[in-house]
Every structure is written in C-alpha cells, then in structure tokens.
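>>> Sharing a model that was predicted from the sequence below.
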There are 2 protein chains.
Amino acid sequence: MPEIQLSGSGHGWIERWCLSKIVKAFGGAPFEVRLWDGTRLTLSDEPPVAVIEVRDRAALVALVLRPELGFGEGFAAGRIEVQGDLVGLMEAINRAWEKAYPPSARRHLDRGRQGASTATSRNNVHRHYDLGNSFYRLWLDEAMVYTCAYYEHADMTLEAAQHAKLDYVCRKMRLSPGDRVVEAGCGWGALALHMAKHYGVSVRAYNISQEQLAYAREQAARAGLADRVTFLDADYREITDPCDVFVSVGMLEHVGSHHYAALGTVLERVLHPAHGRGLLHFIGRNHRRPFSAWAERHIFPGAYAPVLSEVFTEVFEPHNLSVLDVENLRLHYVRTCADWLARFERRLPDVRALFDEKFVRMWRLYLASSQAAFSTGDLQLFQVVFGVAADNTLPRTRHHQAARDVGRVM
Amino acid sequence: MPEIQLSGSGHGWIERWCLSKIVKAFGGAPFEVRLWDGTRLTLSDEPPVAVIEVRDRAALVALVLRPELGFGEGFAAGRIEVQGDLVGLMEAINRAWEKAYPPSARRHLDRGRQGASTATSRNNVHRHYDLGNSFYRLWLDEAMVYTCAYYEHADMTLEAAQHAKLDYVCRKMRLSPGDRVVEAGCGWGALALHMAKHYGVSVRAYNISQEQLAYAREQAARAGLADRVTFLDADYREITDPCDVFVSVGMLEHVGSHHYAALGTVLERVLHPAHGRGLLHFIGRNHRRPFSAWAERHIFPGAYAPVLSEVFTEVFEPHNLSVLDVENLRLHYVRTCADWLARFERRLPDVRALFDEKFVRMWRLYLASSQAAFSTGDLQLFQVVFGVAADNTLPRTRHHQAARDVGRVM
C-alpha cells in the first residue's frame, strides 16, 4: 500500500480519527477524499477514479460510523458529492470491502433470516413500484421490463435485449400452446403478454402493485389478449391455480428467506405432478450477506438477495423438484444497469419535473451502485429452471433454448 | 389400490407377517412376489413388469427387515430371482418408495455427514476401480470413460456419446491453448488426454487407483502426450498446483459430504485469482438421503450423492466462487447405464471367465438399479461450472458451449 497522502489546513481529533478509519478500510483503493476545509486524503498511488467531497463534519462522521447508510444518505442530501466516475467509485469501494471482509471473515455480519408478511409486502412493493408509471416509462424500455435484460448479441439495444430475455425465458420453460402458466410478481405484464402472444399459453399473472396492475390490464386489452391473460391482485402465497408452468422473474428478492418455504408450498400445490416445470429469475449472491443497508432502507424495503443454496434448500428440496438448469447472467445486469442509468441521466429534466433533487441523487446512486455490485461480483443474477422429479419428457439437450421458432404460434 | 391377491399353499405366521409388510410398502406397485412354496402375492391389477421369486424363508425375512440389503444380497446369492424386466422392477420399487416416503416424511432417515480419510479413500477406490482394467474394458467404451455420457444426438453410440461428453466439458470450461488444468479423479485418463490433444492445455491429473494410473500413463505415452499430461498418484486433498482450470468428473460421489469443505480449500489454494474456473460433474439428488445401503456396502464403499445445496454451501460459498452454469443430465445417465448393461450382458462369457456368478449377478443388479434410479428421478447428474467472482472476461452467453471449433488446436 502506498503512503497515505494527507494535506490541507489544520483539523481536530474527530476529523483525524475519521480519516484514519477510512484509511484502514479503504487504504489502496483508487479514490480520494476531500473535506470541507480543503483537506485531501489520497488512498492509493493509482490515478483516482473519483473524488469524494465531504461537505461537513456530521456527514464525515456518519460516513465512518455506518458506511453504507452514511454514504448513501449524505450523497442523496448533497452533503457528499462525487467528482468523477460514480460507478467506478462504487466498484473501487466494493473491491476494497471484499478484500477487507472475505466470506470467511464476515460470517458474524450475517443478518438473521427475514421476510415480509402479506401486509408488509404490500407496503414494501407500494413504496418502490408505485412511484408512478410515468417515472419508470422515462428510462425503462418500451415494454416496461424492470429486470435483467439478455444482450444475446453484443450490439443489442436495451429494447432488443429485454425482448430477447422474455423470449429466452419462454424457450427455457418449453412453453406449448394451451399450457396454463402462473406468473408470480408480473411487473407491468410484459412477460405475461409475451408468453400469451408468442407461445399461445394462458396466463394467470399475480402482482400486488396497483399501478403496475392497472398498466398491465390496459396493455392486455389493447393487445386483444385479455381473454388469455388475467392479471390478479394477490400475493404469491394466495396462488392456488393448477398450472403446467410456474414463472417468477424478479420477485424472489422481495420474498425474504423466511418465506422461501411458503413459496415451495405454493409450487407443490399448483404444479402439474407429471410435467410441472418453471423458472425463477432473481438477484443472488455467492455467499450470505445482508442487502445493502442503504438500499434496503431507501430503495427496496424488505429486499434480500439469497445464495442459491438457500433457495434450493427451502423451495425445491422439500418437494422433490429437480434443478434442471442454472445460468448466471451477472454481466447482463452490468449492462442493463448501465443502460438504465444512461437513460435516466438523459431524461433528467423529466425526472426533475416529477421529483425533487434528493430523489434524483438517490436514484442516480442506486442505479450506479447496482451496476457496480454486478460488475464486481458482489451480486449475481440467476435463472433457475426446475421441474417435477418424475418427468421423463424433458428435452435431452439445451438445443430448444436456442431454437427461435419452436412452439411459437404467432 | 386393488385388492391384494394371495394364493398358494398354507404358510406360517412369519410368511404372513412378511407379506403384509410387503403389501404395506409396495401395495399398488406393478410386480408380483412368489415364494418357494408357490404362494403368489399380486400387488396391483396392472400387468406386472416382473416377478420376484423368493427361494427361502431367510431371504424373505431379510428382504422385509432391511429391504435394500436384503434384496441386493438375496439377488446376488441367487436366493432371490427376478423373472421379467429387472430395470422395470427397480423403477416400480423406486416409485413406490418415493410415494411411501416423500422428502417431507423422511428427514429422520437422513444419515449424518460422512466422508473418508485419505487412507479409507484409497481402500474404497481400490475396491471398485481396481477390479481390473480387463473387466471394465469388456463393457465400457473404447476410451474407458466410466461416467455419464452425453447423447447430444438421438442416434449416438456410447462411444460417440462419451466423446461428445468429453468435448462438451472442455467447451464449458473455455479451455485455451496453454491453460494449466488440474483434474481431480481422472479415471483411466480419457478427459485429460482429450483436453491436451484437442485443446492444447497442460494437465496434471490425480488419481489413487493404481490400475487406472498405469493404464492412463500407458495411453499418454502411446498418444505422444506424456510431455503435456502428468498422471499423479495422490489424493485430491494433496493438490497444490496453481491452475487456470480445475475439473473433476465423477469424483465428488466418493468424497463424502464431510470433506466438501476440504475440496473448497483446494480450489481456493490452486485457482487463478483473476480467471480461475472449473467444472464439477457428479451424481446428486433432489433431497438428502443416504446412498443405497446395498450399493454402498457391495459396490461403492463410502459413496454419497449430495444435493446441490450441500456442495454449494461447503465448496463454493466460503471462497466467493460464482456458480456460472448448472445442467442436469439425468436422462443421459439412464441411457448410459442401459448401454453399459447391454454390453455387460453381451460379454457375459468373458465376465464369467474373470468372476464368479455372485459377482455377475451383483453387477447386473448394480447396473440395472442405477438405470432405474436415474429414470425415476431418484438420482440426478449435475454438471456445475464455476469461477472466481471477479472474472469479467466471462463469455456473455452459452454460445461457446455449442461452438465446436473454438479453442481447438488439433
């Protein structure tokens, strides 16, 4: 580690203590810290990717005492500013953190199991997904897909990559005309509509976000698919419809590990016993860790990103469900977040017409830190295909996943 | 369930008690039981796939008291005979067992964690793999691959499917010329030689079976690959060679869950920190269960087929390794076992020249019951690709898995 460079006017013991803590946690990381009085702390002799400007003493103390919350809240309030590459800074912070706290060293940091009741889930979902369709329309793709896209070819736009993701999910699940599909947590309905339109299946799609449901129903009517796609206002735990296929894209993050067993019970209840199959698509991790304290408080209340073993143990193993296929799409989420962030920045005037500056800064940090979490391997994106154990009608290979025209009726 | 048909001469309370136990466990299953005195027990009104002939009272009692051991040992000794479809019978037994003891009902049946020390491992491996290369040569493919094949196309022979498997594994691991590969548990060396010959990598391949090592070294010399493939007589725990790629095909079943953490430590020690990656190929299950008591005693001492979550928790999570890809090749093992069994039966005269009738019957049952275990979903075959978390040079898609000519130098 290079020598720590500290320069600037005189400062008291609080500042010195705070800076020593920053050196301890982030010594060697390629960024600088500057205080309100001009004091500069250089942590590395690499060229810095960014400078963190801390504008008052209280922000500095908060940053040191509770790093995630202190940084996020200080940044949102404009008491911490970042000059330079925000994503690069968050990557540098993640890498330093990973080095200081490898999995073996942080078992004690694990939070207990958690989860949200039906009522809490409704409130959690409301706080994020009901921010207004007009807001999400500013920076999501045209189909309003708010989960990891699939950039199958290098030059794909976000629009093309979201369409590719929807279709890839359908192919992985081997949809056939007439299949009964249940979707848990259907967002603005893009996947449900894609499945019905292109694969001739009937869909019962569940959500507890009122804004999303209203939008999805309107889209179904407009596309003439209302007879084959039903959007229902109910929690995943309330699902009782027998089905051939169960799919959930981007919901497990909101379920909480405490309730994975309940999700398994739903699968046991609804899946066809001879050929039932499904897909879970979710943000996960390589080792158990709480969700970012800042994001959990300000962006996604109740969120938790599990390791695969938690999901397998609670959801699949008690019900003799076979794991058929797992794909890690982490790098696709790096690019999805980058695309979202770029669109968000391009539509800033429109965002500012809807929300105040604190919200703008909060969402900028949320999108940038999400991109950084995927690019540093702090977060993963798993697609898991599963099926009932006894099904011998499975395809032998994955060739069907690439075949674009199999099973498509339109 | 149909009425139980019981016919035949008079019999005492022991027989009646045994038959009532069989009815309780297997009522409804499509097979019949016949006793030495002509008594017939029909369990189902479906046409029976097979008849189990029990030739003396002691065999009947053993069958009822310890079903797996009693059936296997009775069959091997010829005191239990099967008329009809042996594989179909084992499937019927598996299905009835699964119905009587779903995962939720048999947590109490779980055996504790287990594993073999280095010395025990040597003995376990010796008992199975050192039966003689001349025996295995009778019914394995020409490359002597004793793990699940990959029948990528429906009409493939065992030879073609084993070759396809070796190459598929290489493509999944993204081998590049010059890569240093470590193989743990290399069998007769087919994969090590394939990797070196077709992908230009250097391989250090480990095994503790003397017969296999001798054969593998001879093959390497014959193929002119001895400079790039080194076969080493050492346990997986002794591996210290830094490598780009770590592969193990069909070894984990012999490690025992107690030692998965040791395997994780090996990965941490040897894998390149920036781009290290690998593949584990192993027989697993959907839920925790001991290995078949009969197979564990007579065929594979120390064997254990894990659930994915056991492997992930112990091998990957403590070392921040990312699960990149999982494929379940269960149906391929059904066909592999069927091919092995058919070849074994065709070469019976040669097998009988090497071993006694008890051995022949034991191996017939082992191959048939393995096929049945895969076809009923009692066993799974997992291929897991993993890599260090920080590697962003990963391919974005699985397209490389299908591309036959990428990275091949010969």
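Structure's in. What do you need?
>>> Distance from the chain centre to stretch A:140-149, please.
Here stretch A:140-149 shows a centroid-to-chain-centroid distance of 12 Å under the convention CA atoms, centre = their mean, to the nearest Å.
>>> What of stretch A:387-404?
Worked out by CA atoms, centre = their mean, stretch A:387-404 lies 27 Å from the chain centre.
>>> for stretch A:296-305, same thing?
With CA atoms, centre = their mean, you get 10 Å for stretch A:296-305.
>>> who's in contact with the spatially closest residue to A:Gly185 that is not a sequence neighbour?
Nearest non-adjacent residue to A:Gly185, counting by CB to CB, 6 or more residues apart in numbering or on different chains: A:Met251, 2.8 Å away. C-betas here are computed from N, CA, C, even on glycine. Applying CB atoms under 8 Å, 6 or more residues apart in numbering or on different chains, one finds that A:Met251 lies in contact with A:Ala184, A:Gly185, A:Tyr236, A:Phe282.
>>> didn't the third one look like it was pressed against A:Leu267?
When you say that, I think you mean A:Tyr236. No. In this structure, A:Tyr236 is not within contact of A:Leu267 by CB atoms under 8 Å, at 10.2 Å.
>>> so what secondary structure elements neighbour the helix or strand A:Tyr136 falls within?
According to DSSP states H and E, A:Tyr136 maps onto helix A:133-139. Secondary-structure packing of helix A:133-139 (3 or more CB pairs under 8 Å, 6 or more residues apart in numbering or on different chains; DSSP states H and E): helix A:210-222, helix A:330-346, helix A:348-354.
>>> Distance of the closest residue to A:Pro103 other than its chain neighbours relative to B:Phe316?
Closest residue in space to A:Pro103, ignoring its immediate chain neighbours: A:His287 at 4.0 Å, by CB to CB, 6+ apart. To B:Phe316, A:His287 is 8 Å away according to CB to CB, to the nearest Å.
>>> Tell me where the stretch 101-250 of chain A has strands.
A:180-184, A:202-207, A:229-233, A:245-249 (DSSP state E, counting those that start in this stretch).
>>> Output those strands as JSON lines; include the columns mean neighbour count and mean pLDDT.
Compiled in JSON lines, the strands of the stretch 101-250 of chain A are given as follows (neighbours: other CB atoms under 10 Å in any protein chain shown; pLDDT from 0 to 100):
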{"stretch": "strand A:180-184", "mean neighbour count": "25", "mean pLDDT": "98"}
{"stretch": "strand A:202-207", "mean neighbour count": "24", "mean pLDDT": "98"}
{"stretch": "strand A:229-233", "mean neighbour count": "19", "mean pLDDT": "98"}
{"stretch": "strand A:245-249", "mean neighbour count": "26", "mean pLDDT": "98"}
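>>> Format those strands as a markdown table; extra columns: distance to B:Tyr366.
Shown next, in a markdown table, are the strands of the stretch 101-250 of chain A (distance: least, CB to CB, whole Å):
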| stretch | distance to B:Tyr366 |
| --- | --- |
| strand A:180-184 | 41 |
| strand A:202-207 | 46 |
| strand A:229-233 | 51 |
| strand A:245-249 | 37 |
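>>> Serialize those to a markdown table and add fields for distance to chain B.
Shown next, in a markdown table, are these (distance: least, CB to the nearest CB, whole Å):
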| stretch | distance to chain B |
| --- | --- |
| strand A:180-184 | 21 |
| strand A:202-207 | 25 |
| strand A:229-233 | 28 |
| strand A:245-249 | 17 |
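>>> Can you report how many residues neighbour A:Arg55?
Here the number of neighbours of A:Arg55 (other CB atoms under 10 Å in any protein chain shown) works out to 16.
>>> Which residues are in contact with it?
A:Arg55 touches A:Trp36, A:Gly78, A:Arg79, A:Ile80, A:Glu81, counting by CB under 8 Å, 6+ apart.
>>> is it true that the fourth one touches A:Gly74?
Looking back up the chat, that one is A:Ile80. Yes. Under the criterion of CB under 8 Å, A:Ile80 makes contact with A:Gly74 at 3.6 Å.
>>> Common neighbours of these two, please.
Both A:Ile80 and A:Gly74 are in contact with A:Val54, A:Ala59, A:Leu63, where contact means CB under 8 Å, 6+ apart.
>>> Among those, name the ones in strands.
Residues from the shared contacts of A:Ile80 and A:Gly74 lying in strands, with DSSP state E as the criterion: A:Val54.
>>> Columns neighbour count on top of the shared contacts of A:Ile80 and A:Gly74, output as TSV?
Output for these, formatted as TSV (neighbours: other CB atoms under 10 Å in any protein chain shown):
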residue	neighbour count
A:Val54	28
A:Ala59	22
A:Leu63	25
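>>> Specify which member of the shared contacts of A:Ile80 and A:Gly74 is nearest to chain B.
Closest approach to chain B among these (CB to the nearest CB): A:Leu63, at 25.3 Å.
>>> quick one, what contacts that closest one?
With contacts defined as CB under 8 Å, 6+ apart, A:Leu63 is in contact with A:Cys18, A:Ile22, A:Val54, A:Gly70, A:Phe71, A:Gly74, A:Ile80.
>>> Which helix or strand contains the second one?
This means A:Ile22. helix A:13-26.
>>> hang on, the earlier thing: nearest to B:Tyr333, of the strands of the stretch 101-250 of chain A?
Closest of these to B:Tyr333 is strand A:245-249, at 25.3 Å (criterion: CB to CB).
>>> Give me the more crowded residue out of A:Ile80 and A:Gly74.
Shown here are A:Ile80 and A:Gly74; by other CB under 10 Å, A:Ile80 has more neighbours (24 against 21).
>>> Can you pull the phi/psi pair for the more buried one?
Here is the backbone geometry of A:Ile80 (degrees, to the nearest 10): phi -120, psi 130.
>>> how near is it to B:Glu81?
Distance from A:Ile80 to B:Glu81, counting by CB to CB: 80 Å.
>>> Next up, the contacts around whichever residue of the stretch 1-150 of chain A sits closest to chain B.
Across the stretch 1-150 of chain A, the shortest distance to chain B (CB to the nearest CB) belongs to A:Pro103, at 5.3 Å. Listed by CB under 8 Å, 6+ apart, the contact partners of A:Pro103 are A:Asn286, A:His287, B:Glu317, B:Pro318, B:His319, B:Asn320.
>>> Save the residues you listed as CSV, and put in distance to A:Trp294, neighbour count and pLDDT too.
CSV is the format used below for these (distance: CB to CB, whole Å; neighbours: other CB atoms under 10 Å in any protein chain shown; pLDDT from 0 to 100):
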residue, distance to A:Trp294, neighbour count, pLDDT
A:Asn286, 21, 25, 97
A:His287, 20, 21, 94
B:Glu317, 24, 22, 97
B:Pro318, 26, 20, 96
B:His319, 27, 22, 96
B:Asn320, 22, 19, 95
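>>> For A:Tyr366, state which of those residues is nearest.
A:Asn286 (21.6 Å).
>>> ok, the residue nearest to that closest one when sequence neighbours are not counted - contacts?
Leaving aside its sequence neighbours, A:Asn286 sits nearest to B:Asn320 (CB to CB, 6+ apart; 5.1 Å). Contacts for B:Asn320 (CB under 8 Å, 6+ apart) come out as A:Glu98, A:Pro102, A:Pro103, A:Asn286, A:His287, A:Gly377, B:Val388, B:Ala389.
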